[in-house]
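> Sequence first, then the predicted structure:
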Amino acid sequence: MKFNKDDLRIRDPFILVDGGKYYMYGTNNMANSAAYGGDGKTPGFSSFVSDDLVTFDGPYHAFDRPEGFWGEEGYWAPEVHKVDGAYYMFATFFSKKDGRRCQILRSDNPLTGFTVWSEPITPEGWWCLDGTLVRHNGKFYCIFCHEWLQVHDGEMWITELAPDLRSAVGEPKFLFRASEAPWKNSHNDSGNYVTDGPFVHENKNGALVMLWSSFGEGGYTQGMLRHEGDDIATGWSQIEKPLYAGDGGHGMVFEKDGKPYLTLHAPNSGFEHAHFIELRETADALELAEEEK
């Protein structure tokens with residue numbers, strides 16, 4: 001089926017540009033809904049594809065829970081990266097026994113056929129979410145959130161990954177807490193602070209910028225950090241001004257016509273759908289180039 005992006009409800013949108021097409025993933029299980037021929041029960045992720053970022057074709061079955069898979073529910077925030085011709089999906093899963101953890105799936109097709117590839121890559125006993133792939137100095141890393149529901153002041157951590165992306169290597173390292181952002185507000189005035197949706201973008205001048213989300217004065221907010229030095233696990237500092245403060249977030253950056261674009265979901269508390277906004281690179285950060293399209 002064909003969908004206009006503004007009519008397609010999706011959270012945590014992620015765009016993979018490959019072969020002249022735009023593949024979109026997110027917290028969306030439309031393919032398994034009864035309305036589209038599914039059983040209405042099986043957890044999973046749907047995928048969509050577009051030639052123009054306006055009309056998307058789908059939903060496709062990107063991943064359906066296989067029998068015996070530990071993740072019972074809470075299928076959140078898939079993102080897909082192409083590595084050596086294969087497609088790797090980083091995603092969040094939940095079970096009452098194991099809590100919330102991040103794991104990697106793999107397929108030879110960007111739309112369908114993802115199967116379990118790695119063991120869980122976040123620490124046992126931690127409630128974690130929104131793992132993202134980072135490639136730096138020839139190594140793979142995952143940056144992920146340690147959830148505020150467990151630690152109250154949400155945290156961001158980084159762990160090195162094995163070269164084959166099947167496991168984490170060594171111990172994770174702490175990056176920052178949500179309350180360190182100059183623009184943050186506590187979640188529902190509870191005294192708890194949220195970390196969501198990390199994503200690392202490299203500017204053309206080599207500067208690294210980390211996008212992440214929490215809550216600010218305008219609701220859900222897209223913030224940034226800048227990086228200094230050669231060590232990906234240190235040197236991150238908060239940027240005072242949010243990138244987007246209009247009740248939208250969990251963003252990432254992709255390229256269209258040689259220009260960087262932000263995608264995020266907004267409004268966070270209504271009919272959430274993907275927005276695509278042109279960006280400009282600054283010396284060590286990003287800024288909106290124009291009003292959203």
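All right, it came through fine.

> for the residue of the chain positioned farthest from its centre, phi and psi?
Distance from the C-alpha centroid of the chain peaks at Gly37, with 27.3 Å (Cα atoms, centre = their mean). Phi and psi for Gly37, reported as degrees, to the nearest 10, are phi 90, psi 0.

> With Pro59 as the reference, measure out to it.
10 Å (Cβ to Cβ, to the nearest Å). Just so you know, the C-beta spots here come from the backbone N, C-alpha and C atoms, and that holds for glycine as well.

> For the residue nearest to the spatial centre of the chain, list the residues it contacts.
Nearest to the mean C-alpha position of the chain, counting by Cα atoms, centre = their mean, stands Gly197 at 4.8 Å. Gly197 is in contact with 12, 77, 130, 132, 145, 211-213, 249-252, counting by Cβ atoms under 8 Å, 6 or more residues apart in numbering.

> What helix or strand is it located in?
Taking DSSP states H and E as the criterion, Gly197 maps to strand 196-202.

> Distance from that strand to the middle of the chain?
Using Cα atoms, centre = their mean, to the nearest Å, we find the averaged C-alpha position of strand 196-202 to lie 7 Å away from the chain's own average C-alpha position.

> do stretch 274-293 as well
How far stretch 274-293 lies from its chain's middle: 17 Å, per Cα atoms, centre = their mean.

> Show me which positions of that stretch end up buried.
For stretch 274-293, the buried set under the neighbour-count rule, 16 or more other Cβ atoms under 10 Å, comprises 274-279, 281, 284-286.

> Switch the residues you listed over to JSON lines; also include pLDDT, distance to Gly20 and secondary structure.
Listed next are the buried residues of stretch 274-293 as JSON lines, based on pLDDT from 0 to 100; distance: Cβ to Cβ, whole Å; DSSP: H, G, I helix; E, B strand; the rest coil:
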{"residue": "Ala274", "pLDDT": "98", "distance to Gly20": "19", "secondary structure": "strand"}
{"residue": "His275", "pLDDT": "97", "distance to Gly20": "22", "secondary structure": "strand"}
{"residue": "Phe276", "pLDDT": "98", "distance to Gly20": "17", "secondary structure": "strand"}
{"residue": "Ile277", "pLDDT": "97", "distance to Gly20": "21", "secondary structure": "strand"}
{"residue": "Glu278", "pLDDT": "98", "distance to Gly20": "19", "secondary structure": "strand"}
{"residue": "Leu279", "pLDDT": "98", "distance to Gly20": "21", "secondary structure": "strand"}
{"residue": "Glu281", "pLDDT": "98", "distance to Gly20": "23", "secondary structure": "strand"}
{"residue": "Asp284", "pLDDT": "96", "distance to Gly20": "31", "secondary structure": "coil"}
{"residue": "Ala285", "pLDDT": "97", "distance to Gly20": "29", "secondary structure": "coil"}
{"residue": "Leu286", "pLDDT": "98", "distance to Gly20": "24", "secondary structure": "strand"}
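
> Could you verify my assumption that Ile143 touches Leu175?
Yes. Distance between Ile143 and Leu175: 7.1 Å, which falls inside the contact criterion (Cβ atoms under 8 Å).

> which neighbours do these two share?
In terms of Cβ under 8 Å, 6+ apart, Ile143 and Leu175 are both contacted by the residues 156-158.

> Which of these sits closest to Gly191?
Using Cβ to Cβ, Met156 is the member of the shared contacts of Ile143 and Leu175 that sits closest to Gly191, with 19.0 Å.

> Quick check: closest non-adjacent residue to the closest one.
Distances taken as Cβ to Cβ, 6 or more residues apart in numbering put Leu175 closest to Met156, at 4.3 Å, once the chain neighbours are dropped.
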